[in-house]
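Trainee: this one's structure only:
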């Protein structure tokens, strides 16, 4: 179902030096670069004569893709990790984070992610939106199971499909964090549509807000 990767130190990943002219696949290079990355990590992005520090959140945004396409030549390198921050992140009780939604499986998580996006686009107050979404998320309701069933049928998927099949059928990249906040699975192609998950020993969670999930107070 997923590949377990040997964790390497943060700075072992070679920097990406991407030039559109050389014909390389930036989405594949970015995925390889981010293997074993931590949710709290920072990176140095350089383009033209400018450079700035970016987070994992920034690298998942449309603005970043637009910049790469616009500049045509960028470099991305890792910054020495903040060990204190990553250790503090590991000690936080993730289940209490409002940025997470229990989903039990990737397919149900994808169905919830789609429904969450749909609800967020409605002209409703935050409380009403949260109540609507909670109705699909709760384990004691049949609405979540029905939502997953409809999602599977729409995408011609089995509930036990492999990650590669899910990604191909749903045109989505999966990114799954382990209990310490490191990637335990990252799609071999970090495409425009990315859905993040967090998995511990007891459950799997859809990450509603990567910013909220990666925050360390």
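Mentor: Looks like it arrived, so ask away. This structure is a prediction, so every number in the text was calculated from the model and none was measured. Numbering: from 1, shown residues only.
Trainee: Excluding chain neighbours, give the residue nearest to the most centrally placed residue in the chain in space.
Mentor: Central residue of the chain (C-alpha atoms, centre = their mean): residue 196, 2.7 Å from the mean position. Nearest non-adjacent residue to residue 196, counting by C-beta to C-beta, 6 or more residues apart in numbering: residue 207, 3.9 Å away. In short, each C-beta sits where N, CA and C put it, glycine included.
Trainee: who does the helix or strand of the chain with the lowest mean pLDDT pair up with?
Mentor: Comparing every helix and strand of the chain by mean pLDDT, DSSP states H and E singles out strand 16-19 as the least confident one, with a mean of 77. Strand 16-19 sits in its sheet next to strand 73-78 (antiparallel), going by DSSP bridges.
Trainee: next one: the following helix or strand past the strand it pairs with to chain centre, how far?
Mentor: As assigned by DSSP states H and E, the chain's next helix or strand after strand 73-78 is helix 83-91. In terms of C-alpha atoms, centre = their mean, to the nearest Å, the centre of helix 83-91 is found 19 Å from the chain centre.
Trainee: Pull out the buried positions in helix 83-91.
Mentor: Buried residues in helix 83-91, counted by 16 or more other C-beta atoms under 10 Å: 85-86, 89-90.
Trainee: Residue 25: which of those residues is nearest?
Mentor: Checking those against residue 25 with C-beta to C-beta, the nearest one is residue 86 at 29.3 Å.
Trainee: Excluding covalently adjacent residues, which one is nearest to the closest one?
Mentor: Residue nearest to residue 86 in three dimensions, not counting chain neighbours: residue 38, with 5.2 Å by C-beta to C-beta, 6+ apart.
Trainee: Alright, calling it a day.
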